[in-house]
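> Sequence isn't available, so here's the structure alone:
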């Protein structure tokens, strides 16, 4: 098939020839005969080819839609609340406050590294104790299906009664999430130790937790959590069973969220039981995400166990 530029050249050629013949025939007195037909035919071909060429020249360029690329995102949050301690020897009230910051760094479209920093403080009977630390998560994530990886955390402790002792703990373990529409299921197990610097002694700690996150709307999230932790302290097992409920709402079109959380820790050792009721309210400021659901599937979605007490046996 001839190209449009070729049609243009042939059309112009026929037009020129027809026009030349019509001029010659006009001199012979035959201006309205067959030569006029040639003139019209050549003009029509030239016009058609020219129109096709012009249409091709100004055809709009269709741009491919831009594909969203993985990007850095995260949030910072702070909370304030109280504790109610119910023991075999009486009840006690305490005040708690703390916060956390988490940032997710995508390595490529699937691999991610998330870093955490956190602090938790407790005031009871005129004394203050606190924990502070961080964690690193590395995982592979398909936002439409699941995430699978592992984490390591390090926490230091201080406050009244610690003296010059540097007490810290660490934990490592695997973690995974599964996504089912507007529901996220999160599981995590770990092993760690509680240590004092300069001492060869240590306390073993292991546990696990499961979390279900339900998104009633993209910016309305409800959490339910159940966990177990065991500290082996000088031949005695100190067991903690944790249950928690949380609700969070993000104001549409803003990075600001509000949340409330209730947590119950049932601590038992050698026939002695302690119930710790922790209730907090807080604010979260996010970046790099549009909604809570987007943050959960594409942003900083991992976290770590949050004890009711900074240390259960203090």
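Structure's in. What do you need? Just so it is clear, the structure is predicted and the values come from calculations on it, not from any experiment.

> what about the closest residue to residue 268 other than its chain neighbours, which helix or strand?
Once flanking residues are discounted, residue 268 sits nearest to residue 239: 5.4 Å by CB to CB, 6 or more residues apart in numbering. Where C-beta positions appear, they are placed from N, C-alpha and C, glycine not excepted. Following DSSP states H and E, one finds residue 239 within strand 236-250.

> Same question for residue 293.
Using DSSP H and E, residue 293 maps to helix 292-298.

> which residues are in contact with that helix?
70, 73, 75, 143, 179, 182, 184, 213, 215, 218-221, 248, 250, 257, 286, 289, 301 (CB atoms under 8 Å, 6 or more residues apart in numbering).

> partners of residue 79 in the sheet?
Here residue 79 sits in beta bridges with residue 98, residue 282, as judged by DSSP bridges.

> how about the strands of the stretch 1-150 of the chain, start to end?
Secondary structure of the stretch 1-150 of the chain, counting by DSSP state E, counting those that start in this stretch: strands at 73-87, 90-106, 111-124, 127-142, 146-159.

> Show me which positions of the longest one end up buried.
The one in question is strand 90-106. For strand 90-106, the neighbour count (16 or more other CB atoms under 10 Å) marks 94, 96, 97, 98, 99, 100, 101, 102, 103, 104, 106 as buried.

> By pLDDT, give me the weakest of these.
When these are compared by pLDDT, residue 94 scores lowest at 91.

> I figured that residue was touching residue 127, is that so?
No. Contact criterion CB atoms under 8 Å: residue 94 and residue 127 do not qualify, at 9.4 Å.

> Report the set of residues contacting both of these two.
Joint contacts of residue 94 and residue 127 (CB under 8 Å, 6+ apart) do not exist.

> Enumerate every residue touching the closest residue to residue 176 other than its chain neighbours.
Distances taken as CB to CB, 6+ apart put residue 148 closest to residue 176, at 4.8 Å, once the chain neighbours are dropped. By CB under 8 Å, 6+ apart, the contact set of residue 148 is 139, 140, 141, 174, 175, 176, 177.

> Identify the bridge partners of residue 148.
Bridge pairing for residue 148 - DSSP bridges - gives residue 140, residue 176.
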